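Engineer: Need coordinates for the below:
(one chain, ligands or ions: 1)
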Amino acid sequence: MIRFEHVGKTFPDGTCAVEDFSLEVPSHTTTVLLGSSGCGKTTLMQMVNRMVDPTAGRVLIDDDDVASLDPVKLRRRIGYVMQNAGLLPHRTVLDNVLTVPRLTGRASAADRARAQELLELVGLSPALAKRYPAQLSGGQRQRVGVARALAPDPDVLLMDEPFSAVDPVVRSELQAEMLRIQRELAKTVLFVTHDVDEAVLLGDEVLVLREGARIAQQGPGEEILLHPASDFVRSFVGGDRRRLHVEERAGTPTVVDAAGRVAGTLEAR
Ligand SMILES: Nc1ncnc2c1ncn2[C@@H]1O[C@H](COP(=O)(O)OP(=O)(O)OP(=O)(O)O)[C@@H](O)[C@H]1O
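Structural biologist: I've put the predicted structure just below:
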């Protein structure tokens with residue numbers, strides 16, 4: 001479980017990125033921070049692994065205040081996936097996946113076998129293990145980034161716009177893989193995006209944020225689509241900007257695509 005307690009962040013130049021933010025991310029669930037550029041999503045996420053320290057409040061993982069934990073050890077037990085994968089260019093795919101096990105000593109035969117398994121888990125052929133990042137497509141690189149984040153078997157996974165640099169088709173594939181992986185591994189995931197469809201698809205809980213990381217609305221994504229709490233949220237999740245929207249059909253909340261075709265109905269949670 002990740003808990004933000006009245007967290008704030010004002011940078012030394014006076015920029016207030018986060019005003020007063022509280023949230024609990026229950027274990028084994030995915031919470032999505034959804035908001036436009038500059039609203040403080042990355043700052044919030046980086047408070048979890050202490051790449052940023054809050055200037056007010058505290059962040060806890062399973063009741064441990066992260067401020068009391070060694071940042072290096074903390075980062076080794078938290079998976080972090082970035083927008084451009086951040087792979088080491090002169091290391092093979094397999095060695096990239098083994099980055100964290102290597103930091104804590106020599107990667108054992110068991111670590112290498114597990115890295116191979118992880119490549120399969122994220123949908124990569126074992127034949128790619130010997131390639132270098134430049135020999136992969138953008139989507140394949142992101143998959144390696146996910147495998148690397150999973151290598152130390154972390155309880156917590158931070159994902160900062162991990163799929164935003166790939167084309168829409170590959171993005172959909174990566175989202176589907178993410179749902180499958182999460183069904184299998186059930187990590188505690190904090191996921192940042194500015195894509196409404198992605199947030200609704202992946203999030204058990206979605207937070208729509210505005211500047212200063214103020215929470216405009218929080219709840220299941222479908223609820224937010226169906227009942228936006230304010231004009232701000234309505235405009236942010238506005239149907240014409242998205243492939244899917246929700247409307248009532250025969251009294252049932254129904255997900256409809258841009259052409260009016262029914263994509264599904266919503267179940268009560
Ligand atoms: N080191 C820093 N010093 C000063 N201001 C910063 C620093 N890092 C971030 N900020 C500011 O804090 C605010 C929030 O930034 P943050 O990166 O968290 O937003 P974001 O929602 O993740 O945006 P994006 O989607 O563009 O990544 C922005 O106004 C940004 O300019």
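
Engineer: So what's the residue count around the one residue in the stretch 101-250 of the chain that gets nearest to the ligand?
Structural biologist: Distance from the ligand to each residue of the stretch 101-250 of the chain (Cβ to the nearest ligand atom) is smallest for residue 194, at 5.8 Å. C-beta coordinates here come from the backbone N, C-alpha and C atoms, glycine included. Residues lying near residue 194 (other Cβ atoms under 10 Å) number 17.

Engineer: name the element the residue lying closest to it once chain neighbours are set aside belongs to?
Structural biologist: Of all residues not flanking residue 194 in the chain, residue 36 sits nearest, at 5.7 Å (Cβ to Cβ, 6 or more residues apart in numbering). Using DSSP states H and E, residue 36 sits in no helix or strand.

Engineer: Let me know the pLDDT of residue 36.
Structural biologist: Note on residue 36: pLDDT of 86.

Engineer: Would you agree it is in contact with residue 232?
Structural biologist: No - between residue 36 and residue 232 there is no contact under Cβ atoms under 8 Å: 10.6 Å.

Engineer: who are the neighbours in contact with residue 27?
Structural biologist: Counting by Cβ atoms under 8 Å, 6 or more residues apart in numbering, residue 27 makes contact with 1, 62, 155, 188.

Engineer: which of those tops the neighbour count?
Structural biologist: Result: residue 188 is most packed of the contacts of residue 27 (other Cβ under 10 Å), 21 neighbours.

Engineer: residues from the stretch 151-269 of the chain in reach of the ligand?
Structural biologist: Within the stretch 151-269 of the chain, the positions adjacent to the ligand are residue 194 by Cβ under 6 Å from any ligand atom.

Engineer: swap the cut-off to 8 Å and go again
Structural biologist: By Cβ under 8 Å from any ligand atom, the residues of the stretch 151-269 of the chain that approach the ligand are 160, 161, 192, 194, 209, 211, 213.

Engineer: which of these has the weakest pLDDT?
Structural biologist: Among these, residue 194 has the weakest pLDDT, 90.

Engineer: Can you report how many residues neighbour the residue nearest to residue 194?
Structural biologist: Counted with other Cβ under 10 Å, residue 36 comes out at 12.

Engineer: about what we covered before: can you pull the contacts of the residue of the stretch 101-250 of the chain closest to the ligand?
Structural biologist: Per Cβ under 8 Å, 6+ apart, neighbours of residue 194: 34, 35, 36, 37, 161, 164.

Engineer: List buried residues within those.
Structural biologist: 34, 35, 161 (16 or more other Cβ atoms under 10 Å).

Engineer: Restrict the longest helix seen in the chain to CA atoms and write it as PDB.
Structural biologist: Of all segments of type helix in the chain, defined using DSSP state H, the longest is helix 168-185. Provided in PDB are the C-alpha atoms of helix 168-185 (Å, rounded to 0.1, in the frame of the first residue of the first chain):
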ATOM      1  CA  PRO A 168      -1.700   4.100 -31.200                       C
ATOM      2  CA  VAL A 169      -1.700   0.400 -32.300                       C
ATOM      3  CA  VAL A 170       1.400  -0.500 -30.400                       C
ATOM      4  CA  ARG A 171       0.100   1.500 -27.400                       C
ATOM      5  CA  SER A 172      -3.200  -0.600 -27.400                       C
ATOM      6  CA  GLU A 173      -1.100  -3.800 -27.500                       C
ATOM      7  CA  LEU A 174       1.100  -2.600 -24.600                       C
ATOM      8  CA  GLN A 175      -2.000  -1.600 -22.600                       C
ATOM      9  CA  ALA A 176      -3.500  -5.100 -23.100                       C
ATOM     10  CA  GLU A 177      -0.200  -6.700 -22.000                       C
ATOM     11  CA  MET A 178      -0.200  -4.500 -18.900                       C
ATOM     12  CA  LEU A 179      -3.700  -5.700 -18.000                       C
ATOM     13  CA  ARG A 180      -2.700  -9.300 -18.500                       C
ATOM     14  CA  ILE A 181       0.600  -8.900 -16.500                       C
ATOM     15  CA  GLN A 182      -1.300  -7.100 -13.700                       C
ATOM     16  CA  ARG A 183      -3.900 -10.000 -13.500                       C
ATOM     17  CA  GLU A 184      -1.000 -12.400 -13.100                       C
ATOM     18  CA  LEU A 185       1.300 -10.400 -10.800                       C
END
